[in-house]
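[1] quick one: sequence and predicted model below, then my questions.
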Amino acid sequence: MKNIITKLYNKVRIIILRLKYDIGKKYTLSGVVFWDCDQNSIKIGNSVNILRNTEICSKSNFPVIIGSNVFVNQRCLIRPNVIIENNVSIGPNVSLMSDSHEIGSSEKRAGKQSFKQIKIGEGVWIGASSTILGGIEIGNGAVIAAGSVVTKSCESNCLYAGVPAKKITILR
């Protein structure tokens, strides 16, 4: 009985999500949390798998756009103003942190919030527990090693690793 209720809940949830957002065909959104998302602020392509406990937040003027054939492992965080192109693989515990705050007065140091776009190019692979900061573009075919913190844009077809991430080699 519990299995039937779970399946029914998931079907209803997907219908509601498809009414609110632009979601393609052949997708898995298993236990994904959509929070503080505006209507029509998320676009998800075809053949996308996003695993449980991944959180997605978007705004109408700062959408989240996910291409086709994308895999996002569990416990990832995707903030507003993120573009993930086609054929991207993202490991577990990855944070795409597009938002930041200005440094405020001594009464409240976390000042005005801002969102700088993150663009993940086609065919990129981001390893587990990496963090990508706002204002970053990762070129097509790049690889970000596990545990890296990306603070600057990355060239296409290169391997980046470390804190902060640095170019290790050109990939062929």
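    That came through fine.

[2] give me the most central residue, this structure.
    residue 78 (3.7 Å; Cα atoms, centre = their mean).

[3] could you check how far it is from residue 95?
    In this structure, residue 78 and residue 95 are separated by 8 Å, where distance is defined by Cβ to Cβ, to the nearest Å. Where you see a C-beta, it was placed from the backbone N, CA and C, and this is true even at glycine.

[4] go on, residue 70?
    Here the criterion is Cβ to Cβ. By it, residue 70 lies 16 Å from residue 95.

[5] ditto for residue 155
    When Cβ to Cβ is the yardstick, residue 155 and residue 95 sit 22 Å from each other.

[6] pop out the phi and psi values for residue 132.
    With angles defined as degrees, to the nearest 10, residue 132 sits at phi -110, psi 120.

[7] residues contacting it?
    Under the criterion of Cβ atoms under 8 Å, 6 or more residues apart in numbering, the neighbours of residue 132 are 94-97, 118, 120, 126, 138, 144, 150.

[8] hang on, residue 11 in a helix?
    Yes - inclusion of residue 11 in a helix is indicated when DSSP: H, G, I helix; E, B strand; the rest coil is applied.

[9] count the neighbours of it for me.
    A total of 10 residues lie near residue 11 under the criterion other Cβ atoms under 10 Å.
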